[in-house]
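Peer 1: A predicted structure for the sequence below; I have some questions about it.
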Amino acid sequence: MSKKALEEKSLTLSQVKELLESLGEEHLDQFQRRTLDYTAKFSKITAGNAEKLIQKLVKEFELEPDEAVEIANCMPESVDEIRVFLGGGKKIIETAKIESILSLLNQYRKKP
């Protein structure tokens, strides 16, 4: 019997990491273990903070959910880096708005 997807949702690396950890490493296949290793190395914020950040980016800055997830995954550090994620140049976004996004990202950034 084939499985049918009920819904599709974009997840950040940290959310995938949390999900895989909740399954228990002993229950993961090789691909899932590699994915867990990758997410552990490259997730830049916690899953809880990622969810809050995505909600704020979508609500306050009117970003598409997929754009918000990509920004949360990469946590860009400059205005120019943020522009890369915003519609591929198809929409014009004021620099002040992008600077506000950068300020929000800085609030959620992991401290070294």
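Peer 2: Received it, and whenever you're ready, just let me know what you need.

Peer 1: going forward, measure contacts and count neighbours with C-alpha atoms only.
Peer 2: Will do.

Peer 1: domain-wise, how is the protein divided?
Peer 2: For the chain, automatic domain parsing gives the domain ranges 13-42, 47-108.

Peer 1: same list, the ones you listed, but as CSV with mean neighbour count and distance to residue 5 please.
Peer 2: Shown next, in CSV, are the domains of the chain (neighbours: other CA atoms under 10 Å; distance: least, CA to CA, whole Å):
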stretch, mean neighbour count, distance to residue 5
domain 13-42, 15, 17
domain 47-108, 16, 19
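
Peer 1: among those domains, which gets the worst mean confidence?
Peer 2: Sorting those by mean pLDDT places domain 47-108 lowest, at a mean of 91.

Peer 1: what's the span of it from first residue to last?
Peer 2: Domain 47-108 has an end-to-end distance of 11 Å (CA to CA, to the nearest Å).

Peer 1: gap between it and the chain center?
Peer 2: Centroid separation for domain 47-108 versus its chain: 10 Å, with CA atoms, centre = their mean, to the nearest Å.

Peer 1: could the domains of the chain go into a markdown table alongside distance to residue 6?
Peer 2: Formatted as a markdown table, the domains of the chain follow (distance: least, CA to CA, whole Å):
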| stretch | distance to residue 6 |
| --- | --- |
| domain 13-42 | 17 |
| domain 47-108 | 18 |
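
Peer 1: give me the residues contacting stretch 17-31.
Peer 2: With contact meaning CA atoms under 8 Å, 6 or more residues apart in numbering, stretch 17-31 is reached by 32-33, 35-36, 39-40, 47.

Peer 1: likewise for stretch 93-104?
Peer 2: With CA under 8 Å, 6+ apart as the test, stretch 93-104 has contacts from 57, 61, 76-79, 82-83.
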